[in-house]
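>>> 3D model of this:
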Amino acid sequence: MAERLSESVDQAAINVIRGLAMDAPLYAKSGHQGTAMALAPLAHVLYSRILRHDPSHPHWPDRDRFILSNGHASILQYALLFLSGYGLEFKDLKQFRQWNSATPGHPEVGHTAGIEVTTGPLGQGFANAVGMAIAESHLRSVHGENNQNHHIYVIAGDGCLMEGVSHEAASLAGHLQLDRLVVVFDDNKITIDGETDLTCSDDVPARFASYGWNVMQLGEVAEDCDAIEQALITARDYEGAPTLVVLRSHIGHPSPDLTDNHEAHGNPFTAEHVSRTKAVMGIPDEPFWAPADVVSAYRTHCAQRGQLLRSEWEQHTGESRSDFNEAWSLKPRTDPETTISHFAPDVALATRQALQKVIDQSLTMCATLMSGAADLTGNTGVKMSGQKAFSSKDRKGRQVFYGIREHAMGSALVGMALHGGVLPVGGTFFVFADYMRPAIRLAALSRARCIFVFSHDSVGVGEDGPTHQPIEQLASLRAIPGLHVVRPADPEETRAAWIDAISHDGPTAIVLSRQTVPALTDGGAVSQGAGVLVNHEDAQAVVISTGSEVSVAIAAHDKLLELGVPVSVVSMPSWDRFEVQSEEFKDFVLPPHLPVVSIEAGTTFGWHQWADSAIGIDRFGASAPGPTVMANLGITADAVVTAVCELLED
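Numbering: from 1, shown residues only. Take a look at the predicted model:
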């Protein structure tokens, strides 16, 4: 192992971090310096002594993962990336929180080298880390410790632990005994509004102990690098449970004006405050002070240490590495188009049932697939036949049981995807997408390759009533930039949606029916977002639909034909796919000279982009059998016939 930095460089580096933590927000007139100042020794110990990382290879598969869950303190991580040699330089620090800079207000994966997940919404990073720990333990079990043998380290604050998602995720991690997960709780007892006792009386250590975590209370050692190092080594080596390290810190330290003051949370430091603090620290009162010899020593140390760790990994992996590399690529072992059978033309299935059959045929082809649900495994179509459960006793299991924890499941899927080496799938009822929205949004922002499966996709749910009947959910998912959304009409479109999802380079939401639907399509509409199912050269209108309502559109076509009104019928399973097609293709599917009627069992919001008349449900549902609810809310062939005739009369 490379030699440790000298004590003088240690202290100088901590001073550099604290100085940058003040200077960058002051320069930007925006940012959070207080937490970064307080945690400078902790971050220094992590990057220079604890983390297995190689700045020259930021994506090395067996690196430790570090997540700054309280992402508002981003300048702390940027300062360490600058010192460690990840490519950030003074010009980047001086562009903190500016347009198109490498140092945005919160860490963004894929934007800045060395950032593992996109953090900002408090608690999400914590829950992402649980997903990463699931992925690491599974890959270690499947491919051996020579290929995967690392830890996930997290810094989390009071805000992260107050947010509900962290409660769910912590409970899941404790149950699964994810002992490669180490969370440092920055116990500074401060939130933006004031001291934490203004709003919270939780006994955090007792709460985590009840979850089954190993809890270490360090007390007042936030300035003691050696004590922090020893605590992190002890936490790293603990087996049988994740570890919470409680570190009592003092926000804004060593400011003579704002230490332990809730105002230090944000951006109250004036130039005078910064000058007075630098005087206490004994460093020059100049912006972005970072002596070249200190930076050089730090980067050399991290480079030598990281390259040694990575070269040892490369030597140890040996012959097993080819199998591991194949898994890491996430490429299917065989062609999905030939591996996954087509459905019989006369089959009638709920699309959730069709998905389950498709997943079963993918198990060997997609050896990296890990599928699970929030207590709805069989209901949502994500069950993997013959697969064991992922558990504390069997890390090779590919079926993940998340329990009734949609918040945690969504975030864990993102963490698993960003860890790499696994293709995560998670299912629940569509109406509970609302519980997962922050995670879905961050999946899209992060380009995380995960698959969200939502079944029971309309008022066709029936008797459970309006609390369980999705109305606005589909429109809200379609509104998320970068989220691929597919609502297949029948088993063949479900097959195509799955094949599309496992090859997509970002997150996919597949929205499925509870009720049985007939076979209507060849699945071809999925790849281009829409396709013509019934075409008439003399068509007088177009009826467009998605999901289970495509059969309603077909029935309306038949009725209109009897009236002497030929119409074309279009299935549009994916708006986002259709939107990027050529204008020529769009005009072929939806001829500009023809009126268009849409029908979908959800809000009509957004449909006027494509349709002249939109049939949908712009109210909440009702408790009754599914067909009754559909009929009473106007999702019928007769409603389509009436709408077409009215358009033609106009």
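
>>> wait, doesn't Asp92 sit right on Ile75?
No - taking Cβ atoms under 8 Å as the definition, Asp92 is not a contact partner of Ile75, at 11.3 Å. The way it works is simple: take the backbone N, C-alpha and C, and place the C-beta from them, glycine included.

>>> where does pLDDT dip in the stretch 301-450 of the chain?
Applying pLDDT under 70 to the stretch 301-450 of the chain flags residues 319.

>>> how about the strands in it?
Here the stretch 301-450 of the chain has its strands, by DSSP state E, counting those that start in this stretch, at 348-350, 369-373, 399-401, 423-429.

>>> quick one: closest of these to Val542.
strand 348-350 (25.8 Å; Cβ to Cβ).

>>> buried residues in the closest one?
Buried positions in strand 348-350, judged by neighbour count with 16 or more other Cβ atoms under 10 Å: 349-350.

>>> how about stretch 76-86?
76-86.

>>> in TSV, list the residues you listed along with distance to Leu560.
Shown next, in TSV, are those (distance: Cβ to Cβ, whole Å):
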residue	distance to Leu560
Leu76	64
Gln77	61
Tyr78	62
Ala79	67
Leu80	66
Leu81	63
Phe82	67
Leu83	70
Ser84	67
Gly85	68
Tyr86	63
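
>>> and of the residues you listed, the nearest to Ser371?
For the buried residues of stretch 76-86, the nearest to Ser371 is Gln77 (32.6 Å; Cβ to Cβ).

>>> can you pull the pLDDT of Met1?
pLDDT, Met1: 47.

>>> same check on Ser548?
What the model reports as pLDDT for Ser548 is 98.

>>> in this structure it contacts Gly460, no?
Yes - with contacts counted by Cβ under 8 Å, Ser548 reaches Gly460, the gap being 6.2 Å.

>>> anything in contact with each of the two?
513, 515, 601 (Cβ atoms under 8 Å, 6 or more residues apart in numbering).

>>> for the nearest residue to the last one once chain neighbours are set aside, give its distance to Thr546.
For Ala601, the nearest residue in space outside its immediate sequence neighbours is Ser458; the separation is 3.8 Å by Cβ to Cβ, 6 or more residues apart in numbering. Separation of Ser458 from Thr546 (Cβ to Cβ, to the nearest Å) stands at 10 Å.

>>> then Ala354?
Distance of Ala354 to Thr546, given as Cβ to Cβ: 15 Å.

>>> more neighbours, those two?
For Ala354 and Thr546, the more surrounded residue by other Cβ atoms under 10 Å is Thr546, and the numbers stand at 29 against 26.

>>> show me the longest helix that occurs in this structure.
For the chain, the longest helix by residue count, based on DSSP state H, is helix 292-317.

>>> can you list contacts of stretch 194-213?
158, 161-162, 170-171, 173-175, 177, 185, 187, 189-191, 193, 215, 217, 241-244, 246, 262.

>>> from Ala222, how far off is the residue nearest to Pro470 when sequence neighbours are not counted?
Nearest residue to Pro470 in three dimensions, chain neighbours excluded: Phe430, at 4.4 Å (Cβ to Cβ, 6+ apart). Counting by Cβ to Cβ, the gap from Phe430 to Ala222 is 46 Å.

>>> what about those two, which has more around it?
Phe430 (29 against 22).

>>> and the next element down the chain from whatever helix or strand Met216 lives in?
Using DSSP states H and E, Met216 maps to strand 214-219. Sequence-wise, the next helix or strand downstream of strand 214-219 (DSSP H and E) is helix 225-237.

>>> just the helices in the stretch 451-600 of the chain please.
Using DSSP state H, counting those that start in this stretch, the helices of the stretch 451-600 of the chain run over residues 473-478, 491-503, 525-528, 550-562, 575-579, 583-589.

>>> and Ala170, which of the three is it?
Put simply, Ala170 is helix when judged by DSSP: H, G, I helix; E, B strand; the rest coil.

>>> report the helix or strand with the lowest average pLDDT across the protein.
Here the helix or strand of the chain ranked lowest by mean pLDDT, DSSP states H and E is helix 321-329, holding a mean of 88.

>>> can you list contacts of that helix?
61, 139, 142-143, 147-148, 314, 317, 333, 367-368, 420-421.

>>> what comes up buried for it?
Neighbour count says helix 321-329 has 321, 324, 327-328 buried, by 16+ other Cβ under 10 Å.

>>> that helix vs strand 423-429, what angle?
Going by axes from the mean of the first three to the mean of the last three Cα atoms, to 10 degrees, helix 321-329 is angled at 40 degrees with respect to strand 423-429.

>>> off-centre distance for helix 321-329?
Distance of helix 321-329 from its chain centroid, counting by Cα atoms, centre = their mean, to the nearest Å, is 23 Å.

>>> and the angle for it with helix 292-317?
Here the directions of helix 321-329 and helix 292-317 differ by 120 degrees (the same axes, to 10 degrees).

>>> as CSV, the helices of the stretch 451-600 of the chain with mean neighbour count would be great.
What follows is those, written out as CSV (neighbours: other Cβ atoms under 10 Å):
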stretch, mean neighbour count
helix 473-478, 22
helix 491-503, 26
helix 525-528, 22
helix 550-562, 20
helix 575-579, 18
helix 583-589, 14
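
>>> could you list the domains of this structure?
8-315, 336-518, 529-649 (automatic domain parsing).

>>> measure the second one end to end?
Across domain 336-518, the terminal residues are separated by 23 Å (Cα to Cα, to the nearest Å).

>>> repeat for the first one
For domain 8-315, the separation between the terminal residues is 34 Å (Cα to Cα).

>>> likewise for the shortest one?
End-to-end distance of domain 529-649 (Cα to Cα): 30 Å.

>>> report the separation between Phe82 and Arg395.
Using Cβ to Cβ, one obtains 37 Å as the distance from Phe82 to Arg395.

>>> related to what we said a few turns ago, helices or strands up against the longest helix of the chain?
helix 7-28, helix 74-84 (3 or more Cβ pairs under 8 Å, 6 or more residues apart in numbering; DSSP states H and E).

>>> can I get those in a markdown table including mean pLDDT?
A markdown table is the format used below for the helices and strands packed on helix 292-317 (pLDDT from 0 to 100):
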| stretch | mean pLDDT |
| --- | --- |
| helix 7-28 | 97 |
| helix 74-84 | 98 |
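
>>> thinking again about what came up before, need the contact list for the residue nearest to Pro470.
Going by Cβ under 8 Å, 6+ apart, Phe430 touches 454-458, 470, 473-474, 511.

>>> of the contacts of stretch 194-213, which belong to helices?
158, 161-162, 170-171, 173-175.

>>> before we move on, the earlier item: quick check, the residue nearest to Ala601 in contact with Val517.
No - between Ser458 and Val517 there is no contact under Cβ under 8 Å: 11.2 Å.

>>> common neighbours of those two, please.
Here Ser458 and Val517 share the contacting residues 547-548, scored by Cβ under 8 Å, 6+ apart.

>>> thinking again about what came up before, out of the buried residues of stretch 76-86, which is nearest to Ala555?
For those, the nearest to Ala555 is Gln77 (57.1 Å; Cβ to Cβ).

>>> looking at Ser458 and Val517, which one has more neighbours?
Ser458 (30 against 26).

>>> look up how far Pro470 lies from the more buried one.
Distance, Ser458 to Pro470, by Cβ to Cβ: 6 Å.

>>> could you do Gln528 as well?
Note on Gln528: its distance to Pro470, by Cβ to Cβ, is 25 Å.

>>> now do the contacts for Asn146.
Neighbouring residues of Asn146 by Cβ under 8 Å, 6+ apart: 313, 316-318, 320.

>>> low-confidence stretches in the stretch 451-600 of the chain?
Along the stretch 451-600 of the chain, the model assigns pLDDT under 70 to no residue.

>>> with that, I have no additional questions.
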